[in-house]
Structure formats: structure tokens, C-alpha cells
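*Asks:* got a predicted model here, sequence first, then my questions.
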2 protein chains.
Amino acid sequence: MLSKSQISLLKSVQHKKDRITHGLFLVEGYKSVIEFINSRYQIEAIYHTASFNPKVLKLSQKINISEISVTDLQKISSFKTPQDLIALVKIPTWPVLNNTMLKQKFSLVLDNLQDPGNLGTIIRTADWFGIRDIICSEDTVDAYNPKVVQASMGSLSRINVHYVNLSVVLAQITIPVFGAVLNGGNIYHTDFGSEGLIVMGNEGNGIRPEIMNLINKAVTIPRIGNAESLNVAVATALICSEINRKSYK
Amino acid sequence: MLSKSQISLLKSVQHKKDRITHGLFLVEGYKSVIEFINSRYQIEAIYHTASFNPKVLKLSQKINISEISVTDLQKISSFKTPQDLIALVKIPTWPVLNNTMLKQKFSLVLDNLQDPGNLGTIIRTADWFGIRDIICSEDTVDAYNPKVVQASMGSLSRINVHYVNLSVVLAQITIPVFGAVLNGGNIYHTDFGSEGLIVMGNEGNGIRPEIMNLINKAVTIPRIGNAESLNVAVATALICSEINRKSYK
């Protein structure tokens, strides 16, 4: 059984402020928990209900595992219908970004992205396309938000999500900076080369003017229908795919 | 002010059973409502709060418009923070699908898709890429679900979403049927030709075996990273883009 103070801590990390204070976040469900166990992340504790057999986790490390009641699980879960397994995981610190780290590969840049589902889907997509770093403006939704963790389907365990002052970082970068806009160059005709950053903007407002000023090439997904815009996670995936397809020619 | 029976009707159409009984659904927010007004859909009524000036809708048709209180709006809205405008719209009936209607173009087929956000995003993406018809298995999430309507961002007003017995319909089709799977032919090397259906499966389980049997060509988005799968709305968009890019060569 969990003590009141344990429940209070586990519930608190649903909120960004408390995640920062404690340096901890929650991962829910077997599939995601397994991916974090097999990653560089440090697991602080695992909680499961009687319906889950912890032996299937095949833990080699020494991790604190506790069986808890369904009532307690419901108290600490962020979801209406929680799964039977939750891990408390330490928020890592990534090395400070520099120009050299970003060379000879592609990374994503998110300017004030707000929807947790979108960020989770972008993390999952980046993982599919072999992208390692996602660089977010400080006001982008927190990657350790429970809805982001869930939508990333375990991929968060393999992607470094950095929160930085975008204007400062982009001004120091020497590799090409591409930005997704509604009236740029056709992505099907764009030579993305072998390295670069892909900047995606806010769901409603796109890329901010001060960030647009730091972009070398604006690109657009050609439209043949009538929708005003594409979902930002979809647009990110389409650009990642265009870069990826070049390795398959 | 709304009567109790009006509120009861408007609240009830949040549920599929009642949408079917009444043949009505709700569209919320200015951007989406405007798109439905300018579409083939029939608007039954429009409700707005005092903060919204209905003159900006520039209605040419005669539509019943009522100002309602914020309290009433909150009662009928499906969302925690409702916008100031809601339309009650008639569910249309599409012509029964046949082989001729689907020739010389691409349409999407969804086999037991469950997440309303995914369906809404797929409708929006289809609209961007000029796809007109989405053919769903009868157990796919309802397109008039409030979360689907919201995620489609008005594109639902331009897309025909059909609910059919997929096994029966696919067995009658003579155009190529492509299916998205995890171990099919590389989409970057696939010749999609000039017509076809693209079948996408359920979020967790993919395409059902009985539907797989009716597919002519299984295709896959090449992976270079480690994610186990892609979000189904993202995968749909990547295939639509591959078909679209051929018109830009």
C-alpha cells in the first residue's frame, strides 16, 4: 500500500512545476515501461496492481517494485482507465547543444508547439525516421507531460528533447535551417542535402517572425485539395519522409 | 434561452445512438461552422453567446439563429472550454458506393479505426491531398463524433465518409487495393498508378485478416530508426503524399 505522501508525490508529477521540482515523471502501461527499462533512463520505482506479474519485466537492474491497489493506481494515474503498470522515471539532463553535435544529420526544431498529442506523435515519428534530437522553444509543451509520454508510445526513451532559447541556438548554427510554411518551396523538389534543422511552428500561428528570420529555406507540402492547413505532426512526418526517401533511391 | 427539451436534444447528439435517431450532429467554433455553412450540408440551427456577432457569418440562406447564455452553451458543448458558436447540422446520406464512382482517383479505406483524433486528422489530410471519399468499416469510430469533427478542422464538410461492410464492398471493387502493413513493398518504389484504394488498419492490430485477403498490394513506409510503428494518421498522410508527389514530377 502507498503512503499518503507517496501518493501525493506520484500525483504531483502530473504537473510540470512538480516534475521540475522532483526531477521525475511517470510512464504508464507495459509497452512504454518496457522501452524505458531498456533505455538510458533511470527508473526510480515501478508500481503494479495484482493483475500484473512483475516477473515478465525480466529486470536485471535492482529496481524498487511495489504492488499497489487498483484504487491507489487510479489515484496516481493521469488516465481515466489506467493500465496495471506505472514507472516513476528520472528526467535526464542532455548535454548542452552545440553546432558540432548537430552536423551530418537532421534534427527537428519546434517553435511553441502546444498540443501534447502532437508532440508525442512527432517524437514517435522522429524515432521511426532515425532522428535523435528535437529542439524545442522554452514555451513548447513539456515532453514529460503524461499525454506526450503516452502518444510517443515509448519513443521518448530514445529521443533527446531539448528546451532552449531558439533565437540564441539558431543564430549559432551553421548547418542549413529549413522551415515549414504555407508558401515556401515545394518539398518534393527541395534538395535537403545531408544535414539540417527542420523548424515546425505553433498549431494555430506557425513559426514566429523572429524565428522565421533565422531560416535559410522555407518549404511547403504541395496541396491539391481544400484543407487550410495540415496537422503539425502530419506535416513534420511528410518532411521527414522526403528526407528519408532520398536514402532509398 | 433554450428550453429543457432543446438542451436535452443538443446534449444527446454527443452520443452516436442519438445522432442516428435524430440524424443530427454538432459543429463547434467559428472556423468549422463557417466551413459547414459554405458546404453541401444542411444547417438546422445556429446557437451563439452574446460575445459573438452573428452578422459576421454573412448568411444568405434562412437559418434559425438563437443567442443563448454561456451556461446553456456549456451544457450543450462537448468541450471543457467551449467556443462561442455551435451549429446543429443534418447528417447527410451519400449515394451507395459502386466501382464506377471510385475509378480514376484514390480513396481511403479504414478498417476498424478507433481513435476520434486519428479519424479527424485523416479527414483533414484527405482534404489537403484532394481525396474525396473515405470508406470505413461499420465498427470504425463515427465521423460525426464531436472529437472527430473538431480534429477535422472543417474538412469533414468536404469529405464523404461512408460506413459499409468492407468485405462486401472490397470484393466488388476492380481498381487496385493497396494496404499499409509493416512488411510490404517500399512505398518510395511503389507505382500507385492512377487509381486505387488505400486500406489503413486499426491502431493496435492493423488490418484484419479477412480484409488483408482482399488487398492486391501490401505497402510499407521504410523505417530507419527504432519506433515499432507509426501513428495511423501519420502513415496515411505519408502514403497520400507519395501518390501526390507523382503529379509534381
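*Replies:* Received the coordinates, thanks.
*Asks:* partners of the lengthiest strand in chain A, with directions?
*Replies:* Ordering each strand of chain A by length in residues (DSSP state E) puts strand A:177-186 first. Sheet pairing here is set by DSSP bridges, and for strand A:177-186 it gives strand A:196-200 (parallel), strand A:217-220 (parallel).
*Asks:* export that strand to CSV, keeping only CA atoms.
*Replies:* C-alpha atoms of strand A:177-186 as CSV (Å, rounded to 0.1, in the frame of the first residue of the first chain):
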residue,chain,number,x,y,z
VAL,A,177,17.8,25.6,-41.3
PHE,A,178,14.6,24.7,-43.2
GLY,A,179,11.2,26.0,-42.0
ALA,A,180,7.7,24.6,-42.8
VAL,A,181,5.4,27.3,-44.0
LEU,A,182,2.3,27.6,-46.3
ASN,A,183,4.0,29.4,-49.2
GLY,A,184,7.6,28.1,-49.5
GLY,A,185,9.4,25.9,-51.9
ASN,A,186,7.8,22.5,-52.9
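*Asks:* what's in contact with that strand?
*Replies:* If you take CB atoms under 8 Å, 6 or more residues apart in numbering or on different chains as the criterion, strand A:177-186 is touched by A:109, A:170, A:190, A:192, A:196-201, A:206-207, A:211-212, A:214-222, A:229, A:235-236, A:239, B:248. For the C-beta atoms, the positions are set from N, CA and C on the backbone; glycine is no exception.
*Asks:* restricted to buried residues, select those in ChimeraX.
*Replies:* One line in ChimeraX is enough to select the buried members of those, burial here meaning 16 or more other CB atoms under 10 Å in any protein chain shown:
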select /A:109,170,190,192,196,197,198,199,200,201,206,207,211,214,215,218,219,220,221,229,235,236,239
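*Asks:* B:Gln150 is nearest to which of the strands paired with strand A:177-186?
*Replies:* Evaluated with CB to CB, the strands paired with strand A:177-186 place strand A:196-200 nearest to B:Gln150, the distance being 21.0 Å.
*Asks:* what about dumping the CA coordinates of the closest one to CSV?
*Replies:* Presented in CSV, the C-alpha positions along strand A:196-200 are these (Å, rounded to 0.1, in the frame of the first residue of the first chain):
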residue,chain,number,x,y,z
GLY,A,196,20.0,20.4,-41.4
LEU,A,197,17.3,21.5,-38.9
ILE,A,198,13.6,21.4,-39.8
VAL,A,199,11.6,24.1,-38.0
MET,A,200,7.9,23.5,-37.3
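*Asks:* next secondary structure after that strand?
*Replies:* Later in the chain than strand A:196-200, the nearest helix or strand by DSSP states H and E is helix A:209-212.
*Asks:* over that following helix, what's the mean pLDDT, rounded is fine.
*Replies:* Averaged across helix A:209-212, the pLDDT comes to 98.
*Asks:* let me know the helix or strand that the most centrally placed residue in chain A is in.
*Replies:* The residue lying closest to the centre of chain A (CA atoms, centre = their mean) is A:Ile123, at 4.0 Å. According to DSSP H and E, A:Ile123 maps onto helix A:116-128.
*Asks:* now the angle from that helix to strand A:196-200?
*Replies:* In terms of direction (axes from the mean of the first three to the mean of the last three CA atoms, to 10 degrees), helix A:116-128 departs from strand A:196-200 by 160 degrees.
*Asks:* helix, strand or coil for A:Ala171?
*Replies:* Recorded secondary structure, A:Ala171: helix (DSSP: H, G, I helix; E, B strand; the rest coil).
*Asks:* for it, which non-adjacent residue is closest in space?
*Replies:* A:Leu214 (6.2 Å; CB to CB, 6 or more residues apart in numbering or on different chains).
*Asks:* show me what contacts A:Leu156?
*Replies:* A:Leu156 neighbours (CB under 8 Å, 6+ apart): A:120, A:123, A:143, A:148-149.
*Asks:* which strands and helices sit next to the host helix or strand of A:Lys75?
*Replies:* A:Lys75 is part of helix A:70-76, with elements assigned from DSSP H and E. Here helix A:70-76 touches helix A:4-12, strand A:43-48, going by 3 or more CB pairs under 8 Å, 6 or more residues apart in numbering or on different chains; DSSP states H and E.
*Asks:* to chain B, which of those lies closest?
*Replies:* In terms of CB to the nearest CB, the element of the helices and strands packed on helix A:70-76 nearest to chain B is strand A:43-48, at 19.0 Å.
*Asks:* put the alpha carbons of the closest one into PDB.
*Replies:* The C-alpha atoms that make up strand A:43-48 are tabulated as PDB, following Å, rounded to 0.1, in the frame of the first residue of the first chain:
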ATOM      1  CA  ILE A  43      13.900   4.100 -13.300                       C
ATOM      2  CA  GLU A  44      13.200   5.200  -9.700                       C
ATOM      3  CA  ALA A  45      10.300   2.800  -8.900                       C
ATOM      4  CA  ILE A  46       7.700   0.600 -10.500                       C
ATOM      5  CA  TYR A  47       4.200   0.200  -9.300                       C
ATOM      6  CA  HIS A  48       1.800  -2.500 -10.500                       C
END
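*Asks:* could you tell me which residues of chain A lie near chain B?
*Replies:* Counting by CB under 8 Å from any CB of the partner chain, chain A comes close to chain B at A:117, A:121, A:124-131, A:151, A:153-155, A:158, A:186, A:188-189, A:221-231, A:233-234, A:237-238, A:241, A:244-245, A:247-249.
*Asks:* what subset of the residues you listed is buried?
*Replies:* Buried among the residues of chain A next to chain B (16+ other CB under 10 Å): A:117, A:121, A:124-131, A:151, A:153-155, A:158, A:188, A:221, A:223, A:225, A:227, A:229-231, A:233-234, A:237-238, A:241, A:244-245.
*Asks:* quick check: domain ranges of chain A?
*Replies:* Following automatic domain parsing, one gets these domains for chain A: A:4-90, A:100-248.
*Asks:* please report how far the closest residue to A:Arg40 other than its chain neighbours lies from A:Gln14.
*Replies:* Spatial nearest neighbour of A:Arg40, chain neighbours left out: A:Pro92 (7.1 Å); criterion: CB to CB, 6+ apart. Look at A:Pro92 and A:Gln14: by CB to CB, to the nearest Å, they are 19 Å apart.
*Asks:* swap in A:Asn53?
*Replies:* Distance of A:Asn53 to A:Gln14, computed by CB to CB: 27 Å.
*Asks:* the more surrounded of those two?
*Replies:* A:Gln14 (16 against 9; other CB atoms under 10 Å in any protein chain shown).
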